[in-house]
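Chemist: Got a sequence here, can you model it:
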Amino acid sequence: EVLTLLVLMYPLLRGLALHLHSAVTGSYIPGTHSIAFINCLNEQIARDIARAIMDKKLAAYVNILPKSSALYFWKGEVEESTEILLLVKTRTSKIGELSNYVRSIHPFEIPEIISLPIDQGNPLYLRWIEENVPRD
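Modeler: Predicted structure coming up:
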């Protein structure tokens, strides 16, 4: 029973230990923040979605990258189009809420909303993200 309890508690205990270590040493916990990638049909939609994300405080920073070409499968066929890409910097804990919100306002049937954790970076910048995206 004790072993089972320890196995079940390991992720929680590890997380607490990492946060304590981070607080004491000032070091960054890899994966605390993420970059989300969101594709948009055009610049106006990209700006509207970026503004909506910022208004909801779901990100500290959104880049709107210029038009790029895209190839993808849709309904069994290879399609080609242009799109605008958003790079969204936020807390990893906000990715689920961000994804749900963007899906609710995005005109695409299946919008691309994917994220990657930030492993390391400028500590001042990462702290700035935390200061600008409220905790859950």
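Chemist: which SSE is N100 in?
Modeler: helix 95-105 (DSSP states H and E).
Chemist: And the average pLDDT for that helix is what?
Modeler: In this model, helix 95-105 has a mean pLDDT of 98.
Chemist: Also stretch 46-61?
Modeler: In the prediction, stretch 46-61 has an average pLDDT of 98.
Chemist: before we move on, the earlier item: in the helix or strand that comes right after the helix holding N100, which residues are buried?
Modeler: Beyond helix 95-105 in the direction of the C-terminus, DSSP H and E gives the next helix or strand as strand 113-117. Neighbour counts using 16 or more other CB atoms under 10 Å place I113, S115 of strand 113-117 among the buried residues. Heads up, the C-betas are built off the backbone N, CA and C, glycines and all.
Chemist: Provide a list of residues in contact with the spatially closest residue to K94 that is not a sequence neighbour.
Modeler: Excluding its sequence neighbours, the residue lying closest to K94 (CB to CB, 6 or more residues apart in numbering) is L58, at 5.5 Å. Residues counted as contacts of L58 (CB atoms under 8 Å, 6 or more residues apart in numbering) are V88, T90, K94, E97, L98, Y101, V133.
Chemist: quick one: secondary structure of L58?
Modeler: Judged by DSSP: H, G, I helix; E, B strand; the rest coil, the three-state class of L58 is coil.
Chemist: Distance of it relative to P117?
Modeler: In this structure, L58 and P117 are separated by 16 Å, where distance is defined by CB to CB, to the nearest Å.
Chemist: didn't V102 look like it was pressed against I53?
Modeler: Yes: with contacts counted by CB atoms under 8 Å, V102 reaches I53, the gap being 7.1 Å.
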